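Peer 1: Below are the sequence and a predicted model; questions follow.
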Amino acid sequence: MKQWKILAVIGVLLTFLICLSLGCAEKKEEPAKTEPPATEKKVKEEAKEALESSTAYLQQQKAEYQGKIESQLQDLDQKIADLKSKAETLSGKAKTKLEEQMAQLQEQQQAVQEKLKNLQDKAAEAWKKAKTQLDAALENLNQAYDEAVSQAE
């Protein structure tokens, strides 16, 4: 099954490359050049190069995304630490409510960090699916933080 997916990707990439090269070529009236027929070895080499190129691109995109998420998590860590300091100055119900929200924030933060860790373990092709889930979890964490801050004010 996995081999079929790889072959399908290779086929799509080769089709794209062929269409791109035919569509971008200038239309000059030159005598037709006869190129040697494509060999199985040449086609395999081109397919391998296309697959390696697309894999490298996906790896680069994955690394950039992970860096972005890690940066956002570090920012949230600092904000949460500041909120903890603020909670220490409160008393009564306000302090209790903020502490409960802080506990929920920490749970959500741990969930996002776990999703990020799982993302690091995924292959380049699978990370796009996990990226959507991680984006949603991070958005929920940001909203929970904003709500906690509004309650602390």
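Peer 2: Yes, it's here. Quantities reported herein were computed from a predicted structural model and do not represent experimental measurements.
Peer 1: Buried residues of the helix or strand where residue 108 lies, list them for me.
Peer 2: Assessed by DSSP states H and E, residue 108 sits inside helix 92-121. For helix 92-121, a neighbour-count test (16 or more other Cβ atoms under 10 Å) marks 98, 101-102, 105, 108-109, 112-113, 115-116, 119 as buried. In short, each C-beta sits where N, CA and C put it, glycine included.
Peer 1: all helices of this protein, in order?
Peer 2: 2-24, 40-89, 92-121, 127-152 (DSSP state H).
Peer 1: could you give the angle of the third one to helix 127-152?
Peer 2: Regarding helix 92-121 and helix 127-152, their directions subtend 170 degrees when assessed with axes from the mean of the first three to the mean of the last three Cα atoms, to 10 degrees.
Peer 1: which helices and strands does helix 92-121 pack with?
Peer 2: helix 40-89, helix 127-152 (3 or more Cβ pairs under 8 Å, 6 or more residues apart in numbering; DSSP states H and E).
Peer 1: Ranking helices and strands of the protein by mean pLDDT, which lands last?
Peer 2: None of the helices or strands of the chain scores lower by mean pLDDT, DSSP states H and E than helix 2-24, at a mean of 61.
Peer 1: In CSV, list the helices and strands packed on helix 92-121 along with mean pLDDT, mean neighbour count and distance to residue 34.
Peer 2: Output for these, formatted as CSV (pLDDT from 0 to 100; neighbours: other Cβ atoms under 10 Å; distance: least, Cβ to Cβ, whole Å):
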stretch, mean pLDDT, mean neighbour count, distance to residue 34
helix 40-89, 85, 13, 16
helix 127-152, 81, 15, 43
